[in-house]
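Asker: Okay, sequence plus prediction incoming.
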Amino acid sequence: GNLTMPNLFTRNLMQGLANLTGKSPYIRVGGTSADRTNYIANQTTSLIILKDGENGIPADLTIGPTFFEGFHNFPRSKFHFLLNLAQTGPNGLIHAVAEAKIALQYIGANLASFEIGNECNLYSYMSIRPANYTQDDYVAEWRTIARAVTKEVLVGNPYGINPWTAYQGLVYFVGDFGDSGFSVYPAGPNPSRQGIFMNHTFTAGTLASLIPSLSYLASTNPNLTFVIGETNSDYINIGNDFYVSAFGNALWTCDYMLYAIPNAMQNITRVYMHQGTTFGYSDFTPTQVRPPFYGQLLVASALGTSPATQITPLDLGLWNLSVYALYTASELSKYVIINLDEWNATTPYERPIRSFGLEVPHGVVGACVEVLTAPGADSMSGITWAGISWNVRSDGLGAVVRNDTKVIVPTKGRLHITVQSTEAVVVTLTK
């Protein structure tokens, strides 16, 4: 969107998440395509793709000033903006500084950080740099751009942004930045719904692989926060919609994000779910709201508006079931149950049901049970969260289509509920 034609569809979807948490989502404008982008000051078109590339990512593109009007579409969001490092030579530095100037002009005080380059450890593999390209080479290039942007763009800025810590960098490089992070993708060319995405053991193992790096960061740079700066279900972006665009992936989103958040004790502060208009795993595209968005809604509802929310995964020793206890100021306030047992709309037997007895503290008089459900794990439509559906026709505003939210009361200190296979619920306690 731009100032003349704002993107109300995307704005409404993002506002829907903000309404549940009380905070607008942070937005990272980055990725491989950003590392192939040059800013052209006299370009009248917002974005021009000069050359298509593999995996749904343009190989070469340019942006003009009207591209940056889109930032006004989300006035309460903070932004991470990636500057092109892939381009070599003096023009690369000139373009990076020009990008930083125009980005700061439009983003202003909402700039959370600049990021320089994307997944630079893959530069040699992608033939962007020679085969003997080293970490030291990368650090030298990073510093050249960071110093120029700091001097020519950030020093003396009117927004109070610290010019020395306004960068997101990589965890193994200690330098002038405020955040560090990784790109994380659990699946690759051989995705599996039950084996990978709807598998709590696999999800927990994926995130556990970060612990050594997090521990090192905590011991050497305890004040440096860590973000999962780019992540989603599969690094293969296209041709896998059967797995990553279906409802099963909404449940993966719930389990993945809720399991990652407790690692805040290890300094994880944010998780950026990567999006792209051609990517199968995206929450939405210009023409549709996809199942993973519903997973985001459940997570946002579970977190709620309290900054004192804490999440504890309950280890049941089961690979196809996840249960989380949520506390507000150390007091149990919610449960989340994710039944990862795969059941498809075409499965030729009755949908299984699990029964649960949830212990509740003294004084709890009832609970509200909200359901994330769909016809099956393979479903692309017919999905609801708390009985609400989102689509393009409603311009990204939710509409109630079924009444499946329930209020229940405890019996002898327990709440008794059932959850179908391939379904999730949030149980909010009331006193």
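Answerer: Nice, thanks for sending it over. Residues are numbered from 1 along each chain as shown.

Asker: which stretches of the stretch 51-200 of the chain form helices?
Answerer: Counting by DSSP state H, counting those that start in this stretch, the stretch 51-200 of the chain has helices at residues 90-107, 135-149, 200-208.

Asker: Show me which positions of the shortest one end up buried.
Answerer: Residues of helix 200-208 classed as buried by neighbour count (16 or more other Cβ atoms under 10 Å): 200, 202-204, 206-207. For every residue, glycine as well, the C-beta is placed using N, CA and C.

Asker: One more: stretch 326-336?
Answerer: 326, 328, 332-336.

Asker: could I get the helices of the stretch 51-200 of the chain as CSV with mean pLDDT?
Answerer: Output for the helices of the stretch 51-200 of the chain, formatted as CSV (pLDDT from 0 to 100):
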stretch, mean pLDDT
helix 90-107, 95
helix 135-149, 93
helix 200-208, 93
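
Asker: Can you pull out the low-pLDDT segments for the protein?
Answerer: Along the chain, segments meeting pLDDT under 70 span 170-180, 263-267.

Asker: Just give me the residue right at the centre of it.
Answerer: Nearest to the geometric centre of the chain sits M273, at 2.0 Å (Cα atoms, centre = their mean).

Asker: Just list the residues touching it, thanks.
Answerer: 231-232, 253, 257, 283, 292, 296 (Cβ atoms under 8 Å, 6 or more residues apart in numbering).

Asker: cool, and Q420?
Answerer: With Cβ under 8 Å, 6+ apart, Q420 has these contacts: 339, 343, 351-354, 373.

Asker: 6 Å instead?
Answerer: When contacts are counted by Cβ atoms under 6 Å, 6 or more residues apart in numbering, Q420 is found next to 351, 353.

Asker: One more: the one 3 residues further on?
Answerer: Under the criterion of Cβ under 6 Å, 6+ apart, the contact list for E423 reads 339, 373.

Asker: Kindly report the same for V409.
Answerer: Contacts of V409 (Cβ under 6 Å, 6+ apart): G366.

Asker: what do you get if the cut-off is 7 Å, keeping everything else the same?
Answerer: V409 makes contact with 365-366, according to Cβ atoms under 7 Å, 6 or more residues apart in numbering.

Asker: Also I102?
Answerer: Contacts of I102 (Cβ under 7 Å, 6+ apart): 39, 65, 68.

Asker: how near is it to T62?
Answerer: Note on I102: its distance to T62, by Cβ to Cβ, to the nearest Å, is 13 Å.

Asker: shared neighbours, these two?
Answerer: Shared contacts of I102 and T62 (Cβ under 7 Å, 6+ apart): none.

Asker: any residues touching stretch 247-254, and which ones?
Answerer: Contacts of stretch 247-254 with the rest of the structure, by Cβ under 7 Å, 6+ apart, involve 193, 197-198, 203, 233, 243, 281, 291-292, 294-296, 298-299, 338, 340, 342, 372, 374, 376-377, 379, 383, 422, 424.

Asker: Count residues in the vicinity of A59, would you?
Answerer: 13 (other Cβ atoms under 10 Å).

Asker: In contact with it, which residues?
Answerer: For A59, counting by Cβ under 7 Å, 6+ apart, the contacting residues are 36, 51-53.

Asker: what's the most distant pair in these?
Answerer: R36 and D52 (11.3 Å; Cβ to Cβ).

Asker: in what helix or strand does L332 lie?
Answerer: Assigned by DSSP states H and E, L332 belongs to strand 331-339.

Asker: What is the helix or strand just after that strand packed up against?
Answerer: Beyond strand 331-339 on the C-terminal side, the first helix or strand identified by DSSP H and E is strand 353-359. Applying 3 or more Cβ pairs under 7 Å, 6 or more residues apart in numbering; DSSP states H and E, one finds that strand 353-359 makes contact with strand 331-339, strand 414-420.

Asker: Mind putting those into a markdown table with distance to N391?
Answerer: Converted to a markdown table, those look like this (distance: least, Cβ to Cβ, whole Å):
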| stretch | distance to N391 |
| --- | --- |
| strand 331-339 | 24 |
| strand 414-420 | 23 |
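
Asker: Sitting in strands, which of the contacts of I102 do you find?
Answerer: Y39 (DSSP state E).

Asker: And the buried ones among the contacts of I102, selectable in ChimeraX?
Answerer: In ChimeraX syntax, the buried subset of the contacts of I102 is picked out as below (16+ other Cβ under 10 Å):
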select :39,65,68
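
Asker: closest to V400 among the contacts of I102?
Answerer: Ranked by distance to V400 (Cβ to Cβ), the contacts of I102 are led by F68 at 36.8 Å.

Asker: How about the contacts made by that closest one?
Answerer: Residues in contact with F68 (Cβ under 7 Å, 6+ apart) are 102-103, 106.

Asker: wait, is A41 part of a strand?
Answerer: No - counting by DSSP: H, G, I helix; E, B strand; the rest coil, A41 falls outside a strand, being coil.

Asker: how close does it get to V149?
Answerer: For A41 relative to V149 (Cβ to Cβ), the value is 17 Å.

Asker: Among the two, which residue is more densely surrounded?
Answerer: Legend: neighbour count by other Cβ under 10 Å for A41 and V149, higher for V149 (25 against 9).

Asker: Can you tell me how far the nearest residue to the more buried one once chain neighbours are set aside is from Y281?
Answerer: Distances taken as Cβ to Cβ, 6 or more residues apart in numbering put A100 closest to V149, at 4.6 Å, once the chain neighbours are dropped. Shown here: A100 relative to Y281, a distance of 29 Å by Cβ to Cβ.

Asker: the more surrounded of the two?
Answerer: More neighbours surround Y281 than the other of A100 and Y281, with 30 against 25 (other Cβ under 10 Å).

Asker: list the contacts for the nearest residue to that one once chain neighbours are set aside?
Answerer: Take Y281 and drop its neighbours on the chain: the residue closest to it by Cβ to Cβ, 6+ apart is V244, 4.0 Å away. Contacts for V244 (Cβ under 7 Å, 6+ apart) come out as 191, 233-234, 280-281.

Asker: coming back round to it: I'd like the contacts of I102 laid out as CSV, including distance to Y216.
Answerer: Output for the contacts of I102, formatted as CSV (distance: Cβ to Cβ, whole Å):
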residue, distance to Y216
Y39, 36
P65, 42
F68, 37
